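>>> Task: produce atomic coordinates for the following.
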Amino acid sequence: MIYALLQMGTPSGSHFNNQSSMLPPRQQPRPGGGGLQTSLSLVSADACGSPNLERGSNSDQVHESPSESASSRETWPTADALVAKKMEKEKERENGFAEHSVVRNFSSSDKMSLRDVARERVDIVAEKMQNLPDKYLDKFKNELRTFLEGLGGSQQREEFLFLQKLVQSRGDLTEQTLVVAHRVQLEILVSIKTGIQAFLHPSVSLSQASLIDIFLYKRCRNIACGSALPAEDCMCELCSKRNGFCNLCMCTICNKFDFEVNTCRWIGCDSCSHWTHTDCAIRNGLIGMGPCVTNGSSSAEMLLRCRACNRTSELVGWVKDVFMHCAPSWDRDALIRELDFVSRIFRGSEDSRGRKLFWKCEELMEKLKTGVAETVACKVILMLFQGKLLLMDLEMPLSVYDVNMPKGQSVMHLPSSFFCFQQLEADPSKNQENEDGRMISPQEAFNRIADVVQEAVKKMEIVAEEKMRMVKKARLAVEACEQELKDKAREVSALKTERQRKKIQIDELESIVRLKQAEADMFELKANEARREAERLQRIALAKTEKSEEDYTSRYLKQRLHDAEAEKQYLFEKIKLQESLRPTQSSAGTSEPPHAMYNKIQDLLKNMYSTSSKADAQSSDFHSLGAIP
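Numbering: from 1, shown residues only. Next up, the predicted model:
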């Protein structure tokens, strides 16, 4: 959409330093085709975009946000520091991918993913897509559209940011290489880089050259605008140095665009025709009091300082032009929204016009919320701009403007008592004449003046009653707040008590854990002591077994030795006996030879020693068996 500029007259008041006449509001019929319009909830992928997520249209959110301009419909953020770092780690794990590098082969010959489209060489992907059916290509677009809609949670968001980082880090995506790209491939690359899902919409059909220009920041990424960049050959610092910035449809601060027209949501610079979101200007301190030259005299008024040219633009005349040309077409919600914009613009105003405008906008918003017709509110604000409301009328409740008003009668046809101050201050001689021009008596003139004063007093009483109702309502609101504070205090007390109870339970559990740990340590110590005692007793038993074995062996050997000595003595005695009997035997011829006896003795000794060695062997075998635990 190209935002047309209406040719209007010069607004009330001159501008600072005799600047050019103020630009009119952005007026253009809203784009038709509901499907396309909803698909243009967009993402700002450039460096100037806001780093926070804002889903869908937020045209109704007119209050400032601490992190994101409420005046942008662009829904996806650029990679913040945390996610960027996470993506860097993931990218390092992905096949050793580095910046400005191009992977030349697919991971699979018959499969392709969005990552392949984002990082593979253009001609290879184009050749691959030529052989893929349309159904498969639509699957790619639907998958990316799902990422951009952000309905899949943080995982899909991180995946999209990773894809965007892959595309933005490539150095081979030039005009020469993108010429050979497949159309679907080019649409995917443009959508990833800009974060705008409208390029994937079936009803959006841009030429290949336009897609390439948008990808290379040579054309506005706003499909409704599509201006060549820099727009209108502007050579200011913003248009020349900020990639993808279009001064016809984008905010000079947040670099975003939306489709709001006929609104105070946007403020135009009188000098350079650049546009700024009202929210962004307020948040960045670009709206404030400043000197303004009017008819040769300087006075302080609310001004906008343009980020592009650093010049100021007067705001009262701008708001007046917007309301004069656009207010009749607004519904109730739109009127409340616009009054809120104006109220926020002039909240810090110190001049009388700005303060009156701020007060009246606050009052009108309250009345619109309580059921006053928007036509009445619109006529009142227009009368304020036209200077037809006096100070007394500013204090008058809106119910006065709408009580028993005949159908078709405007606020401008109110009774003359609404302007009684003007009548009382008029020339007294004029009060002496009636409508026909004839003279009237002083008494009649005084009676008329008395009637006017009485009517004024009645109106003031109505104002007082209205103020009393407002005070009563405020008192009730204060009492409700106090009651709510008491309830919250009770809840806080209950939460503190519950927290203290939980803390006591935690301390008890910790003490039980420490006790059980001490018991476990004690049982472990006793087990170690029992193990050491068992080992000591085993060593004692083994030592006693060895000693008993040795004693048994010693006694056995002594017994054997004693038996051998006894047998030896026996044999010795027998030998002696035989020697003593030898003469008798020799005479008889039956004596045994001496060497035979000697051999018997040797055999007996050998048998004794062999028996002793066998006993030693048996003892050693017993020791070896006893050593086994």
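>>> Tell me the secondary structure at residue 539.
The assignment at residue 539 comes out as helix when based on DSSP: H, G, I helix; E, B strand; the rest coil.
>>> pLDDT weak spots in the stretch 201-350 of the chain?
Along the stretch 201-350 of the chain, the model assigns pLDDT under 70 to residues 293-298.
>>> Check the chain too.
Short version for the chain, where the test is pLDDT under 70: 1-110, 152, 293-298, 387-440, 446, 583-598, 604-605, 608-629.
>>> how about 80 then?
1-111, 150-153, 202-205, 259, 292-299, 373-374, 385-456, 582-629 (pLDDT under 80).
>>> Show the residue spans covered by the strands in it.
With strands called from DSSP state E, the chain shows them at 4-5, 26-27, 266-268, 275-277, 287-294, 297-305, 312-314.
>>> So what are the sheet partners of the third one and their directions?
What that stands for is strand 266-268. strand 275-277 (antiparallel) (DSSP bridges).
>>> repeat for the last one
Using DSSP bridges, the strands paired with strand 312-314 are strand 297-305 (antiparallel).
>>> And residue 550, how close does it get to residue 288?
Separation of residue 550 from residue 288 (C-beta to C-beta, to the nearest Å): 112 Å. Bear in mind the C-beta positions are built from the backbone N, C-alpha and C, glycine included.
>>> Of the two, which one has the most company?
residue 288 (16 against 12; other C-beta atoms under 10 Å).
>>> What's opposite that one in the beta bridge?
Counting by DSSP bridges, the residues bridging with residue 288 are residue 303.
>>> wait, what's in contact with it?
Residue 288 makes contacts with 302-303, 305, 348, as judged by C-beta atoms under 8 Å, 6 or more residues apart in numbering.
>>> cool, and residue 129?
Residues in contact with residue 129 (C-beta under 8 Å, 6+ apart) are 112, 137, 182, 184-185.
>>> If we use 10 Å, what do you get?
Applying C-beta atoms under 10 Å, 6 or more residues apart in numbering to residue 129 gives the contacts 112, 117, 136-137, 140, 181-185, 188.
>>> got it, and residue 381?
319-320, 323-324, 327, 335, 338-339, 342, 357, 360-361, 364, 389.
>>> now with 7 Å?
323, 360, 364 (C-beta atoms under 7 Å, 6 or more residues apart in numbering).
>>> cool, and residue 513?
Residue 513 sits in contact with no residue, where contact means C-beta under 7 Å, 6+ apart.
>>> so who does residue 175 touch?
Counted by C-beta under 7 Å, 6+ apart, residue 175 has contacts 212, 216.
>>> and what of residue 477?
So residue 477 contacts nothing (C-beta under 7 Å, 6+ apart).
>>> what separates it from residue 469, distance-wise?
Distance of residue 477 to residue 469, given as C-beta to C-beta: 12 Å.
>>> So which residues of the stretch 351-500 of the chain form helices?
352-369, 374-385, 391-395, 398-402, 420-424, 442-580 (DSSP state H, counting those that start in this stretch).
>>> Ranking those helices by mean neighbour count, which comes first?
helix 374-385 (a mean of 20; mean count of other C-beta atoms under 10 Å).
>>> Now stretch 279-290: buried residues?
Within stretch 279-290, the residues scored as buried using 16 or more other C-beta atoms under 10 Å are 279-284, 286-288.
>>> I'd like a version of these in a markdown table, one that adds distance to residue 153 as further columns.
As requested, the buried residues of stretch 279-290 are exported to a markdown table (distance: C-beta to C-beta, whole Å):
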| residue | distance to residue 153 |
| --- | --- |
| 279 | 28 |
| 280 | 29 |
| 281 | 34 |
| 282 | 33 |
| 283 | 29 |
| 284 | 32 |
| 286 | 36 |
| 287 | 38 |
| 288 | 41 |
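>>> Just confirm residue 126 contacts residue 185, I think it does.
Yes: using C-beta atoms under 7 Å, residue 126 is in contact with residue 185, at 5.9 Å.
>>> circling back: could you point out which of the strands of the chain sits nearest residue 216?
strand 275-277 (23.7 Å; C-beta to C-beta).
>>> one step back: neighbour-wise, give me the winner out of the contacts of residue 288.
residue 302 (26 neighbours).
>>> Next, the contact list for that one, please.
287, 289, 315-316, 345-346, 349, 354.
>>> Relative to residue 581, which of these is nearest.
Of the contacts of residue 302, the one sitting nearest to residue 581 (C-beta to C-beta) turns out to be residue 287, at 156.0 Å.
>>> Quick check: residue 491 vs residue 480, distance?
Residue 491 is 16 Å from residue 480, by C-beta to C-beta.
>>> actually residue 234, not the one I typed
54 Å.
>>> just to revisit the earlier point, of all the helices of the stretch 351-500 of the chain, which one is nearest residue 210?
helix 374-385 (41.5 Å).
>>> could you give the angle of that closest one to helix 352-369?
If you take axes from the mean of the first three to the mean of the last three C-alpha atoms, to 10 degrees, helix 374-385 sits at 170 degrees to helix 352-369.
>>> got the CA coordinates for helix 374-385 in CSV?
Extracted in CSV, the C-alpha atoms of helix 374-385 (Å, rounded to 0.1, in the frame of the first residue of the first chain):
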residue,chain,number,x,y,z
GLU,A,374,-19.3,9.1,19.6
THR,A,375,-20.9,11.7,17.3
VAL,A,376,-21.4,14.0,20.3
ALA,A,377,-17.8,13.5,21.5
CYS,A,378,-16.5,14.1,18.0
LYS,A,379,-18.5,17.3,17.6
VAL,A,380,-17.2,18.5,21.0
ILE,A,381,-13.5,17.9,20.1
LEU,A,382,-14.0,19.6,16.7
MET,A,383,-15.6,22.6,18.4
LEU,A,384,-12.6,22.7,20.7
PHE,A,385,-10.2,22.8,17.7
